[in-house]
Structure formats: structure tokens, C-alpha cells
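Participant: structure, please.
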Amino acid sequence: MAIERSSTDKIWLVLKGLAMGTANKVPGVSGGVVAFVAGFYEEFIYSLQKINRKAFLLLFKRGIKSFLEYTNAHFLSLLFLGMIISYFSISKILDYLLVNYELYVWSTFFGMIIGSLYYLAKNFRAWNRKNILFLLLGIIIGVSISFLEPAKENNNLLFVFLCGIIGVSGMTLPGLSGSFILILLGNYVLLLVDSVNAFYDTVSDIFHGDFNFIDDVRRIHLLKVLSVFSLGSVTGLVTLSNVLAFLLKYYKKITNALIIGFIGGSLGVVWPWKEKILEKDLSGNILLDSNGREIIIRYQRYFPSELSHEIFLAILSMFVGVFILILLDGYHKKK
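Facilitator: Below you'll find the predicted structure:
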């Protein structure tokens, strides 16, 4: 049965969806962390799990109202509304900040993850040998993923569908960044930048009565890519939610310990000080992909060697990130 919500709760749900969508866009940050820390992760997973055969039987036998109540559709629709808004608003701002203030963006998210680890570890009261073992396993998996080398872009539609299934893990499994996984698969720019921009431009063209994009082969292909990726993401959401709902029901403490480990391991991905290692030819020239972008082989992390104005601002950004999580903790205590 769907939960009755006040107008304020509905607005907060949209804002939480906005935060999830923004977090999913950042390589190394997981939208699932937002759901986990903000306290609606289990409702999110169990609601997704309800999109099943029984839901559609209710739709045909008892009508749309029964379907919506059974699937907690009001809750999901408000969250997804926030996510959609984020992709065409805050995500655009985030893209700009990552290009022009990359170090400070990474530092802020690094601080937010540290804050979330404190928040989660403080409220997890089932530490024993078994749960600590799964915590360490999560950390090892998270750190190991951060050292994998990215593949090259592949716009084959079957592979794009698989990217949708795998990439959506960042929304359902806190600590595993869907965006970073897409980087490892080689399709981050294709799926979260080029195709989204193509859709945005197409909507803008239609709004202005311009249908010339129909003859643009690349635009049409990118729209196909986005459609297939979205289909894969929906498939992944429903599939993974069923697996996670089972784990949360029968192995909740172990699953939570593993998730906290994943989040801790993701600090390696979000580490602010890293240098892009670019692919070069035998003459030392930087190689570009088919779209004229530099091909990144891997990220080389380092510690800053001396204190500077830039380092000071980066550390300050970390504290801002931690402070955001403290405010969130205070909000939940009031609730």
C-alpha cells in the first residue's frame, strides 16, 4: 500500500531524486549512496521490486489505481522526476564545474563520502567478525575497480543495452558508481554526454518547429543509443532490485556491511588529486577518438607535495562535503 505523503515530503522526494541524478552523473559517486544515507534506500529497492508480473495482472484485472498503489508508483515517480530534472539542469552546471573547477568538485564529493561513511558506521550497530569481513570485502572490491583501465568506446546497440544494465548499478548499489563503470566500459561520454545532449537538442529543435534533425544521421543514431541505453537501465533496475530486495530481506546486516565497504572503497575513485594518462602513438602524439576527444588510458593518483592556495581550497571543499552530510544527519534526527 502506498504511503500518504505531505506536500513537503513530496518536494523533498523530488529534491532527493535531483541529488540522486546529480550523483549518478559524477564518475566515482553513486546515486545509491544518496538513497542509503537519506534513509529511503530500502523503500526504493522494494518499490522497484514490485514492478513484476503481479503488478501487470493487477493493472489488467483491477485497473490503474491498484497498479499504482501496489508498485508505490507515486514515490517512484517523484524520485524519477527529480532525476530527470537533474539531467537537464544541475547536471549541466556540474559538467561546467567539472571542466573548470575539477579539483574542488572531486574534493567536495570526497568529503561527502567521508561524511556518509561516518553517518553509516555510526548507525550500524551489528559489527562482528562476519560483518567486518564483508566490510573489508566491499572495500577491496571498490578499491580494485578504481585501478581498472578504461576500454574504448563501443556504440554497438547490444553492448549499449548491456551498459544500461550494468551502469544502473550506481543507482541501486551504493558505493559502485554507474558513471565510473561506464568509463571502464568506454561509453561514459557516448551515453551520459553525447546522447543526452542529442536528446536535449532534439527537444529544443522540436519546440522551435525545426525538424531538420531527421536528416542528421549522427543525431538519429545517438537518439537510438539513448533509447537502447534507457531500456537496458530499466531492465537492470528491475532485475537488480529483485536481487537486492532478497539480500536485504534475508541477509540485511551482511548486505549493509558490504555496502558500507563499497562506499569506503569508492574513495579511491573520487580521490581529488589524479592525473589523466592519455593514449599516444609511437611519436608521442596524443591520440583522439572518432569524435576528436583525447583517449584516457587510466588515472594516476598522487599526493600533493606542498601546501598552496589551491590545496587549501580543495581541503576546504572536503569540509564543505562533510558539513553537507552533518546537515543531512541533523535533518533526519528532527524527522
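Participant: neighbours of Phe319, just the number please.
Facilitator: Number of residues near Phe319 (other C-beta atoms under 10 Å) recorded here: 14. C-betas here are computed from N, CA, C, even on glycine.
Participant: do Thr22 as well
Facilitator: Using other C-beta under 10 Å, Thr22 has 22 other residues around it.
Participant: output the contacting helices and strands for the helix or strand it falls within.
Facilitator: Assigned by DSSP states H and E, Thr22 belongs to helix 7-25. Judged by 3 or more C-beta pairs under 8 Å, 6 or more residues apart in numbering; DSSP states H and E, helix 7-25 is in contact with helix 31-37, helix 73-87, helix 90-100, helix 169-172, helix 178-184.
Participant: out of the ones you listed, flag the one nearest Leu327.
Facilitator: Closest approach to Leu327 among these (C-beta to C-beta): helix 31-37, 11.5 Å.
Participant: I'd like the distance between the nearest residue to Ile214 once chain neighbours are set aside and Ser230.
Facilitator: Nearest non-adjacent residue to Ile214, counting by C-beta to C-beta, 6 or more residues apart in numbering: Ile220, 7.2 Å away. In this view, Ile220 and Ser230 are 16 Å apart by C-beta to C-beta, to the nearest Å.
Participant: for the two, indicate the residue with more neighbours.
Facilitator: Taking other C-beta under 10 Å, Ile220 and Ser230 do not tie; Ser230 has more neighbours (17 against 14).
Participant: any idea how many residues pack against the closest residue to that one other than its chain neighbours?
Facilitator: Spatial nearest neighbour of Ser230, chain neighbours left out: Gly164 (6.7 Å); criterion: C-beta to C-beta, 6+ apart. Residues within reach of Gly164, counting by other C-beta under 10 Å, total 24.
Participant: verify the stated contact: Gly164 with Val228.
Facilitator: Yes - Gly164 is within contact range of Val228, at 7.1 Å (criterion: C-beta atoms under 8 Å).
Participant: would you double-check that Leu148 falls in a strand?
Facilitator: No - Leu148 sits outside any strand when classified using DSSP: H, G, I helix; E, B strand; the rest coil, being coil.
Participant: next SSE downstream of the longest helix seen in the chain?
Facilitator: Secondary structure of the chain per DSSP state H: the longest helix is helix 217-250. Where DSSP H and E defines the elements, the next helix or strand beyond helix 217-250 is helix 252-265.
Participant: got the CA coordinates for the very next helix or strand once past that following helix in CSV?
Facilitator: Per DSSP H and E, the first helix or strand lying C-terminal to helix 252-265 is helix 267-270. Extracted C-alpha coordinates of helix 267-270, given in CSV (Å, rounded to 0.1, in the frame of the first residue of the first chain):
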residue,chain,number,x,y,z
LEU,A,267,37.1,6.9,-2.1
GLY,A,268,39.9,5.7,-4.4
VAL,A,269,37.8,6.6,-7.4
VAL,A,270,36.9,10.1,-6.1
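Participant: in the helix holding Thr22, what's buried?
Facilitator: Within helix 7-25, the residues that qualify as buried are 12-25, counting by 16 or more other C-beta atoms under 10 Å.
Participant: for it, what is the distance to the chain centroid?
Facilitator: 13 Å (C-alpha atoms, centre = their mean, to the nearest Å).
Participant: between it and helix 90-100, how many degrees?
Facilitator: Going by axes from the mean of the first three to the mean of the last three C-alpha atoms, to 10 degrees, helix 7-25 is angled at 40 degrees with respect to helix 90-100.
Participant: now do helix 7-25: everything it contacts.
Facilitator: With contact meaning C-beta atoms under 8 Å, 6 or more residues apart in numbering, helix 7-25 is reached by 5, 29-35, 38, 40, 75, 78-87, 90-91, 94-95, 170-171, 178-179, 192.
Participant: how about Ile90: what's its closest non-neighbour residue?
Facilitator: Closest to Ile90 by C-beta to C-beta, 6+ apart is Thr22, at 4.9 Å.
Participant: got the confidence number for that neighbour?
Facilitator: pLDDT recorded at Thr22 is 80.
Participant: which pLDDT does the model give Leu325?
Facilitator: Leu325 is assigned a pLDDT of 76 by the prediction.
Participant: how about it, what does it touch?
Facilitator: Applying C-beta under 8 Å, 6+ apart, the residues near Leu325 are 37, 112, 115-116, 118-119.
Participant: are any of those residues buried, and which?
Facilitator: 37, 112, 115-116, 119.
Participant: report the two of the residues you listed separated the most.
Facilitator: Pairwise distances across these peak at 10.1 Å for Met112 and Tyr119 (criterion: C-beta to C-beta).
Participant: before we move on, the earlier item: and the contacts of helix 7-25, which are buried?
Facilitator: Applying 16+ other C-beta under 10 Å to those flags 29-35, 38, 40, 75, 78-79, 81-83, 85-87, 90-91, 94, 170-171, 178-179, 192 as buried.
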